[in-house]
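[1] My questions are about this predicted structure, shown below with the sequence.
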Number of protein chains: 2
Amino acid sequence: MTAKPVNLAEALQSFTEVYSPRIVARMNDYDVRVAHTRGEHVWHAHADTDEFFLVLDGRFDIALRDPDGHEHTVVLHPGDTYVVPRGTEHKPSSPGGSILMFEPSGTLTTGDATAGDIPAHVDSTAGHDLT
Amino acid sequence: MTAKPVNLAEALQSFTEVYSPRIVARMNDYDVRVAHTRGEHVWHAHADTDEFFLVLDGRFDIALRDPDGHEHTVVLHPGDTYVVPRGTEHKPSSPGGSILMFEPSGTLTTGDATAGDIPAHVDSTAGHDLT
């Protein structure tokens, strides 16, 4: 009944797609997900939830847009954690890396308010199970 | 208004106490906490919540007790994740290391059903802020 441990490095080695999170653990009604990152994500927001990021490898930037339209970018390196508050428009980008995310089960990678088309390299998903 | 990134290594370097978690991030009504680990924790359970662990350094073991009294121990190394299901009696121990935890804000390190006295090296707390 008790789940087995999941190693983050092994989980990341089990797939190659970028911006296509895998669910490594579930606790209460939340997911712990990992993803490879490379290139531009898409502007989006999550109206009902904060989103927690931990950078595992490489670099991961999060552009944030204030309600008044001003933008700034948070640059994250391995071991850095950051929480995007609910309702905040943000767009991740990365020269290459991997991240861990913590968010309510069902949360879409592209949120509920995407601006513009979703690029082909971004998977609009609530996360995939590890295989 | 937007919080600054928090680096896990820097957070861990800011204190030395074992089994005395610091809150590195808050998202929704959950905490992300880090702790140094060394020695025996105490048998306890959390009736109302699962508990997520990620080992950052060293080794971290979790003894688990089934409802029928059988015990087994999960041995965790860096990068390993594990979820202790709600209501499950467990006792962490470690030869030395550090961990990251996700759990609802207010969750006590010693749960709501400790067996035996809480040793002096275990801090019964819902987590401390980083200073």
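    Yep, that arrived.

[2] Sort out which residues of stretch A:67-84 are buried, please.
    The neighbour-count check on stretch A:67-84 (16 or more other CB atoms under 10 Å in any protein chain shown) flags A:74, A:76, A:78-84 as buried. All C-beta spots, glycine's among them, are computed from the backbone N, C-alpha and C.

[3] Switch the residues you listed over to TSV; also include distance to residue B:123, pLDDT and secondary structure.
    TSV is the format used below for these (distance: CB to CB, whole Å; pLDDT from 0 to 100; DSSP: H, G, I helix; E, B strand; the rest coil):
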residue	distance to residue B:123	pLDDT	secondary structure
A:74	31	97	strand
A:76	29	98	strand
A:78	28	98	coil
A:79	23	98	coil
A:80	26	98	strand
A:81	22	98	strand
A:82	26	98	strand
A:83	24	97	strand
A:84	30	97	strand
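
[4] Among those, which ones lie close to chain B?
    Counting by CB under 8 Å from any CB of the partner chain, the subset of the buried residues of stretch A:67-84 that neighbours chain B consists of A:74, A:76, A:79-83.

[5] C-alpha coordinates for stretch A:68-80, PDB please?
    Coordinates of each C-alpha in stretch A:68-80 appear next as PDB, following Å, rounded to 0.1, in the frame of the first residue of the first chain:
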ATOM      1  CA  ASP A  68      -0.200  47.900 -14.000                       C
ATOM      2  CA  GLY A  69       1.700  46.200 -16.900                       C
ATOM      3  CA  HIS A  70       5.200  46.500 -15.600                       C
ATOM      4  CA  GLU A  71       7.300  43.500 -16.200                       C
ATOM      5  CA  HIS A  72      10.400  42.200 -14.400                       C
ATOM      6  CA  THR A  73      12.200  38.800 -14.500                       C
ATOM      7  CA  VAL A  74      13.300  36.700 -11.600                       C
ATOM      8  CA  VAL A  75      16.500  34.700 -12.500                       C
ATOM      9  CA  LEU A  76      16.700  31.400 -10.700                       C
ATOM     10  CA  HIS A  77      19.700  29.000 -10.300                       C
ATOM     11  CA  PRO A  78      19.900  25.500  -8.800                       C
ATOM     12  CA  GLY A  79      18.600  25.400  -5.200                       C
ATOM     13  CA  ASP A  80      16.600  28.600  -5.700                       C
END
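
[6] any idea how far it is from the chain center?
    Put simply, stretch A:68-80 sits 14 Å off its chain's centre (CA atoms, centre = their mean, to the nearest Å).

[7] Pull the residues that contact it.
    A:53-66, A:82, A:97, B:2, B:5-10 (CB atoms under 8 Å, 6 or more residues apart in numbering or on different chains).

[8] need the contact list for the residue nearest the centre of chain A.
    Chain A has residue A:101 as the residue nearest its centroid, 5.4 Å off, counting by CA atoms, centre = their mean. Each residue near residue A:101 by CB under 8 Å, 6+ apart is listed here: A:21, A:31-35, A:51-54.

[9] separation between it and residue A:50?
    Using CB to CB, to the nearest Å, residue A:101 is found at 11 Å from residue A:50.

[10] Please apply the same query to residue A:15.
    Using CB to CB, residue A:15 is found at 26 Å from residue A:50.

[11] One more: residue A:124?
    20 Å.

[12] These two: who's more crowded?
    Set residue A:124 next to residue A:50 and count neighbours by other CB atoms under 10 Å in any protein chain shown: residue A:50 wins out with 20 against 14.
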